[in-house]
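Visitor: got a predicted structure plus its sequence, pasted below:
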Amino acid sequence: MKIKKIIFSVAIACFILTGCQKEVKKETISLAISGMTCEIGCAKTIQSKLSKKEGVLGAKVIFTDSIANIEFDANKTSKEDLIAFVGAIAGGELYKASESKVNTSAKAHTCSDACKESCEMKAEKTACKEDCKMACCADKKS
């Protein structure tokens, strides 16, 4: 009888613990980053550190556009925290980050050849995705 009560208690505890987990609240932000001087040392370092930060689900730093596209869990971190985090990399002396105001509701457009070379879609050489956040695409969306 005691064993059944213990098993039952453990089962209920498991259901309560798994049922009470917070749902991931995904958000994205594009940061304009100044101070990067090279792709390997700067951009890859920032991308690596962002990817390891608690709450960050994915990060891609594009050196040629000085942009970081970050997907994060808003329950664990915030836009302000991410901006401060990038600014603090390398002792806080090298990089400055600010939120990039890219219009993500615009329709697809055709990228320039220069944009296509740095764009993730360069293999297709077609129009950028509707939600493209690259700086070279920002002025072409209308």
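Guide: Structure's in. What do you need?
Visitor: contacting residues around the helix or strand containing Phe72?
Guide: Assigned by DSSP states H and E, Phe72 belongs to strand 67-73. Residues outside strand 67-73 that contact it (CB atoms under 8 Å, 6 or more residues apart in numbering): 24-33, 46-47, 50, 55-62, 82, 86, 97, 100, 133-135. (C-beta placed from N, C-alpha, C; glycine too.)
Visitor: state which strand of the chain is the longest.
Guide: Determined from DSSP state E, the single longest strand within the chain is strand 26-34.
Visitor: tell me the helix or strand right after that one.
Guide: Using DSSP H and E, the helix or strand that follows strand 26-34 towards the C-terminus is helix 44-52.
Visitor: what angle separates that following helix from strand 67-73?
Guide: If you take axes from the mean of the first three to the mean of the last three CA atoms, to 10 degrees, helix 44-52 sits at 10 degrees to strand 67-73.
Visitor: could you dump the helix or strand following helix 44-52 to PDB, C-alpha only?
Guide: As assigned by DSSP H and E, the chain's next helix or strand after helix 44-52 is strand 56-62. Below are the C-alpha coordinates for strand 56-62, written out as PDB (Å, rounded to 0.1, in the frame of the first residue of the first chain):
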ATOM      1  CA  VAL A  56      18.700  33.500 -26.900                       C
ATOM      2  CA  LEU A  57      17.200  30.900 -29.300                       C
ATOM      3  CA  GLY A  58      19.300  31.900 -32.300                       C
ATOM      4  CA  ALA A  59      21.600  34.700 -33.400                       C
ATOM      5  CA  LYS A  60      23.200  35.600 -36.800                       C
ATOM      6  CA  VAL A  61      25.600  38.500 -37.100                       C
ATOM      7  CA  ILE A  62      26.100  39.800 -40.600                       C
END
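Visitor: kind regards, and thank you for your time.
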